[in-house]
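**Q** Just to be clear, the model below is a prediction. Sequence and coordinates:
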Amino acid sequence: CGEENLQFLLKPKRLDHALQQLDTDNSGEVDVEEWEEAIHRGLKKRLEQLADERERRERAAEKADAEFSNEFLNAARKCFEMIDDDQSGTLEKAEIVTAVQSNQKVIKFLINCGNKNLQYLLVPSRLEAALAAMDTDNDGHVDIDEWEECIEVALANKLAERAAKRELEAKQANKEIEEFTNDFKNAARKCFQMIDKDGGGTLSTDEIVTAVKEDKEVIKFLETCGEPNLQFLTRPARLKKALEVLDEDGSGEIDIHEWELAIQRGLAKRLEQLAIERERRDRAAMAADEEFTTEFLNAAREVFIMIDVDESGDLEKAEIVDAVKNNQKVIKFLVNCGNKNLQYLLIPARLESALQQLDTDRDGH
């Protein structure tokens with residue numbers, strides 16, 4: 001709840017002092033107004049914690065975006081230099097064509113850059129239009145200023161993608177945390193009940209010793225709960241010391257409040273571990289997606305080139321028909337590409353309809 005005196009109600013040694021602090025009119029009881037005053041203090045504390053956590057996340061996101069921006073702009077400059085083969089400070093069409101056919105670093109950057117005109121440099125049939133859009137002063141080539149204008153758009157798109165991804169990941173993380181917390185607490189309650197054989201609401205040493213010897217479900221929960229002293233209950237040499245630490249009121253048994261305090265510590269530790277594992281998964285997934293995207297678009301470009309036998313930059317019906325009959329690499333890509341209209345090119349009865357859907361400018365190819 002965030003209010004210390006309310007939290008101290010769970011600790012027998014601090015209960016009397018907490019009640020004195022909460023009972024502001026010294027009536028000997030905590031009335032509804034005193035309760036609500038404490039609740040408001042707790043709420044204020046929790047909102048402050050929430051604001052601090054939000055600020056921490058925003059600072060982390062800003063730092064990560066700044067690092068990403070720096071890396072992205074450096075990669076963009078290197079890409080320009082790799083394309084600018086004659087080091088003239090401008091990109092000619094011939095230089096671009098050569099680079100997008102043979103330079104894998106250039107290809108990878110353009111594929112993932114986030115700017116459509118830059119990405120269209122990789123598509124023969126869209127190259128001219130992309131160059132025209134990029135060449136804003138119409139001097140027949142792309143200079144460094146025009147390139148950087150495209151890069152600014154690309155970076156803005158990439159940062160927007162990152163923000164949207166963070167928002168989605170935060171929602172998914174909150175859902176995962178909520179589900180994990182509920183499952184963990186349910187397992188903890190069940191574990192307490194399984195140990196508490198006499199149903200007295202406290203765990204005696206004998207009950208604990210019996211459970212950690214015989215009950216596999218209890219053993220599994222304690223070993224994975226994240227709280228060292230609960231874990232030590234499964235180890236005979238450390239059992240006595242663990243019980244002393246857990247038994248805060250010195251009653252000789254662990255009551256439900258002492259159990260739940262230990263469970264909260266364990267839950268906090270397990271949630272930290274969950275966050276680390278989620279971050280590791282996200283990094284691995286991002287790297288895998290980027291690698292797959294590069295490979296997929298490279299394969300798509302190769303398929304286009306294989307179909308475009310006359311190297312015109314356009315795919316005619318006759319070229320497509322020949323490729324989907326005879327070229328196994330083309331067939332394999334289309335089968336697995338995930339786009340129905342591309343897959344329908346393999347089916348004679350659906351070929352005409354698919355070509356119409358793909359030919360968005362209605363120029364016949």
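**A** Noted; the coordinates are in hand.
**Q** Would you check that residue 196 makes contact with residue 202?
**A** Yes: counting by C-beta atoms under 8 Å, residue 196 sits close enough to residue 202 to count as a contact (7.2 Å). To be clear about C-beta, it is placed using only N, CA and C from the backbone, and glycine gets the same treatment.
**Q** Please name the nearest non-neighbouring residue to residue 205.
**A** residue 243 (6.3 Å; C-beta to C-beta, 6 or more residues apart in numbering).
**Q** With residue 158 instead?
**A** Ranked by C-beta to C-beta, 6+ apart and with sequence neighbours excluded, the top spatial neighbour of residue 158 is residue 114, at 4.3 Å.
**Q** wait, is the one you found part of a helix?
**A** No: under DSSP: H, G, I helix; E, B strand; the rest coil, residue 114 falls outside any helix and is assigned coil.
**Q** what about it, how many neighbours?
**A** 17 (other C-beta atoms under 10 Å).
**Q** That one touches residue 151, doesn't it?
**A** No: counting by C-beta under 8 Å, residue 114 does not reach residue 151; the two are 9.5 Å apart.
**Q** Now the helix or strand containing residue 213: buried residues?
**A** Element membership of residue 213 [criterion: DSSP states H and E] is helix 205-214. Residues of helix 205-214 classed as buried: 207-208, 211-212 (neighbour count, 16 or more other C-beta atoms under 10 Å).
**Q** for that helix, packing partners?
**A** helix 144-195, helix 216-224, helix 236-246 (3 or more C-beta pairs under 8 Å, 6 or more residues apart in numbering; DSSP states H and E).
**Q** same for the longest one, what does it pack against?
**A** It stands for helix 144-195. helix 32-83, helix 116-120, helix 127-134, helix 205-214, helix 216-224, helix 256-307.
**Q** Partner strands of the next helix or strand after that helix and their direction?
**A** Remark: after helix 144-195, the chain's next helix or strand is strand 202-203, criterion DSSP H and E. Strand partners for strand 202-203, identified by DSSP bridges, are recorded as strand 254-255 (antiparallel).
**Q** roughly how far is the partner strand from the heart of the chain?
**A** From the chain centre to the centre of strand 254-255 is a distance of 40 Å (C-alpha atoms, centre = their mean, to the nearest Å).
**Q** Check stretch 41-53 too.
**A** Worked out by C-alpha atoms, centre = their mean, stretch 41-53 lies 26 Å from the chain centre.
**Q** can you give me the mean pLDDT across that stretch?
**A** In this model, stretch 41-53 carries a mean pLDDT of 81.
**Q** list the buried ones in that stretch?
**A** Neighbour counts over stretch 41-53 (16+ other C-beta under 10 Å) mark 41-42 as buried.
**Q** So which residues make contact with that stretch?
**A** With C-beta atoms under 8 Å, 6 or more residues apart in numbering as the test, stretch 41-53 has contacts from 1-3, 6.
**Q** residue contacts, residue 99?
**A** If you count contacts by C-beta under 8 Å, 6+ apart, then residue 99 has 82-83, 85, 106-107 around it.
**Q** How about residue 65, nearest residue that isn't a chain neighbour?
**A** residue 159 is the one closest to residue 65 (C-beta to C-beta, 6+ apart), at 5.8 Å.
**Q** That neighbour contacts residue 66, doesn't it?
**A** No: using C-beta under 8 Å, residue 159 is not in contact with residue 66, being 10.2 Å away.
**Q** Of the two, which one has the most company?
**A** The neighbour count for residue 159 versus residue 66, taken as other C-beta under 10 Å, is higher for residue 159 (15 against 10).
**Q** what residues are up against that one?
**A** 65, 68-69.
**Q** ok, of those residues, which come out buried?
**A** Using 16+ other C-beta under 10 Å, the buried members of these are residue 65.
**Q** As JSON lines, the contacts of residue 159 with pLDDT and distance to residue 310 would be great.
**A** Converted to JSON lines, the contacts of residue 159 look like this (pLDDT from 0 to 100; distance: C-beta to C-beta, whole Å):
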{"residue": "65", "pLDDT": "88", "distance to residue 310": "46"}
{"residue": "68", "pLDDT": "87", "distance to residue 310": "42"}
{"residue": "69", "pLDDT": "91", "distance to residue 310": "43"}
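**Q** With respect to residue 343, which of the contacts of residue 159 is nearest?
**A** residue 68 (35.5 Å; C-beta to C-beta).
**Q** count of residues packed around the residue nearest to residue 205?
**A** 20.
**Q** Does it touch residue 208 like I think?
**A** Yes: using C-beta under 8 Å, residue 243 is in contact with residue 208, at 7.3 Å.
**Q** list residues touching both of these two?
**A** 233, 254.
**Q** ok so, going back, which pLDDT value belongs to the residue nearest to residue 158?
**A** 87.
**Q** Would you quantify the distance from it to residue 17?
**A** Using C-beta to C-beta, to the nearest Å, residue 114 is found at 59 Å from residue 17.
**Q** Who are the packing partners of the helix or strand in which residue 229 is found?
**A** Using DSSP H and E, residue 229 falls within helix 228-232. On a contact count with 3+ C-beta pairs under 8 Å, 6+ apart, helix 228-232 meets helix 216-224, helix 236-246, helix 256-307.
**Q** Now the weakest link among those, please, by mean pLDDT.
**A** helix 256-307 (a mean of 86).
**Q** how distant is that helix from the center of its chain?
**A** Taking mean C-alpha positions (C-alpha atoms, centre = their mean), helix 256-307 and its chain are 6 Å apart.
**Q** next SSE after that helix?
**A** Trace forward from helix 256-307 with DSSP H and E and the next one is helix 317-326.
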